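1. The sequence and its predicted three-dimensional model are supplied below.
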Amino acid sequence: MKKIKHISSILLAALLIGCESNLDVKPVASIDANEAITDANGLNSALMGLYNEFQSDSYYGRDLYILNELSANDGQRTGTSLDYQQFENHSILSDNANIESFWSSAYGAVNTANNIIERGEGIVMDEAQKNNVIGEAYFMRALAHFDLLKNFGGVPYKSISTQGITGDINPARLSKEEVYTLILQDLATAKEKITIEKGNFFVSNTAVDAFMARVELYYGSELLRNNEDGKSHFQKALDLATSVVDNSKYELEEEFGTIFTSKENNEVIFQLNYSSQDRNRMSYYLSPTSLGGRGEVSYTNGLANSYKKDDARSAFIFQDFPTLDGNGTSKRVAKYQDTANGADPIVILRLAEMYLIQAECHYRIDGLGGATAILEALNAVRDRAITPLTSLGSDPIKTVLDERRWELCFEGHRWNDLVRTDRASSTLGISVNATLYPIPLKEIQTNTSISQDDQNPGY
């Protein structure tokens, strides 16, 4: 797309996720892909650059999760950003700076993935390692398109790289169903190619299954919203989540806080790594000035008060920290505590989500006939935090969504959970039109295949 001006060159920075062996790899910027990716070193550097693009402040390094919580009204603006205020008030303008930078960052990552996929096959190197790199690129391409899909609705699916003024720089919007189909095709290819386990800072075969479970859950939910039958997708999501739960090496941590205070834990399937040299801005933005932060966003009382009194998750997330001046304490979202260095990892997939997917899908498939299995899955997650549930209540889906809210807050789920289950309007008191973000104005102005008529309703 013309607006994504950095798509015309590949940012193949080698500084990824704190891997010392890659720190001395010379960054490759503004170099034609055919010149940059010519051997194994170039291909691996490109992969490092791909992960790095997801770490951007306008993507997973800050905005993706913060915008989600502001939109869900579980986060509140406590600073001065007027762009953030638009999300909080559900009155987003199409020229909102965060919207434009998120869109640009996601498609920039897609372009880097496309270059890896297109040029990787011709590289002479160990075949398994080469396939693994290409498989990771397919996964990351799917992830970026999914992040766009769940926030903007149907979007262009970029599967060909763009260099300079060549390539398809003006792709049209596709339907949601078309995008879901292409995402699942990419993930199927990733599943075939990824065979090497490199740790949870990289995509693994288990991560593919876990992400496919999430995508199938969303796809089934989308069909259900349109009064179509989504059961086959809920069944696929259930099967995939169950496979991860039963057959992978991952286990739920005994202590909830360990997930976020120890990079080496048993629960996280895939996360982005950061360091003081390659930092994110989550803790800085979510911490008050008394704790060394910017104080731009915090949690709402509505979120904090929604937890049961004895829930250990609440005790961890909303704990007190000593202020820098030593005169008292303040609170922050304790999933992100490293304000000074910005080195908190950003969790993308973890095992608890798989149990929660199981619970939701059991209900979507079997209704209350699956109550035993639903409670078993929910209580597996609750066990480390609070007493088990014995009833699903009068609204089982709300019960599941509440558990997802309490378990996964500030991990990028709540807003999209409300939207995909068609509960955003009633829960937040907003227009249906506000449940999608606007296509960025710059995209409409520069992409000849997208006009104002293609804009989401209400914008």
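-> The structure has been received and is ready for your questions.
2. what ranges do the strands span in the chain?
-> Under the criterion DSSP state E, the chain carries strands at the ranges 10-12, 28-31, 75-77, 268-272, 297-299, 320-322, 329-331, 346-350.
3. With mean pLDDT as added columns, please give those strands in JSON lines.
-> As requested, the strands of the chain are arranged in JSON lines below (pLDDT from 0 to 100):
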{"stretch": "strand 10-12", "mean pLDDT": "39"}
{"stretch": "strand 28-31", "mean pLDDT": "38"}
{"stretch": "strand 75-77", "mean pLDDT": "98"}
{"stretch": "strand 268-272", "mean pLDDT": "98"}
{"stretch": "strand 297-299", "mean pLDDT": "98"}
{"stretch": "strand 320-322", "mean pLDDT": "97"}
{"stretch": "strand 329-331", "mean pLDDT": "97"}
{"stretch": "strand 346-350", "mean pLDDT": "98"}
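4. For Leu428, find the nearest of the ones you listed.
-> Leu428 sits nearest to strand 75-77 of all those, at 12.6 Å, using C-beta to C-beta. All C-beta spots, glycine's among them, are computed from the backbone N, C-alpha and C.
5. Show me what that closest one pairs with in its sheet, parallel or antiparallel.
-> Here strand 75-77 is paired, per DSSP bridges, with strand 297-299 (antiparallel).
6. Lys308 is in contact with Ile386, isn't it?
-> Yes. Checked against C-beta atoms under 8 Å, the pair Lys308 and Ile386 is within contact range at 5.9 Å.
7. More neighbours: these two, which one.
-> Summary of the neighbour comparison: Lys308 and Ile386, criterion other C-beta atoms under 10 Å, with Ile386 having more neighbours (18 against 12).
8. my read: the more buried one touches Asp311, true?
-> Yes. Look at Ile386 against Asp311 with C-beta under 8 Å: they come within range, at 4.6 Å.
9. From Ile134, how far off is Ser175?
-> Computed with C-beta to C-beta, to the nearest Å, the distance linking Ser175 and Ile134 is 27 Å.
10. so what's the closest residue to Ile430 other than its chain neighbours up against?
-> Using C-beta to C-beta, 6 or more residues apart in numbering and skipping the chain neighbours, the partner closest in space to Ile430 is His90 (4.7 Å). Contact analysis of His90 by C-beta atoms under 8 Å, 6 or more residues apart in numbering lists 71, 428, 430-431, 434.
11. Drop anything exposed from the residues you listed.
-> Applying 16 or more other C-beta atoms under 10 Å to the contacts of His90, the neighbour count classes 71, 428, 430, 434 as buried.
12. Among those, which ones are in helices?
-> Within those, residues falling in helices by DSSP state H are 71, 428.
13. Which one of the buried ones among the contacts of His90 is nearest to Leu349?
-> The shortest gap between Leu349 and any of the buried ones among the contacts of His90 belongs to Ser71, at 21.2 Å (C-beta to C-beta).
14. from memory the closest one sits against Asp417, does it?
-> No. Taking contact to mean C-beta under 8 Å, the distance of 11.2 Å between Ser71 and Asp417 leaves them out of contact.
15. Let's see stretch 275-282 as CSV, backbone CA atoms only.
-> This file holds the C-alpha atoms of stretch 275-282, laid out as CSV (Å, rounded to 0.1, in the frame of the first residue of the first chain):
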residue,chain,number,x,y,z
SER,A,275,15.5,-5.6,27.0
SER,A,276,16.7,-2.2,28.2
GLN,A,277,18.2,-1.7,24.7
ASP,A,278,15.0,-2.8,22.9
ARG,A,279,12.3,-1.8,25.3
ASN,A,280,8.5,-1.7,25.3
ARG,A,281,6.4,1.1,26.8
MET,A,282,3.8,-0.9,28.6
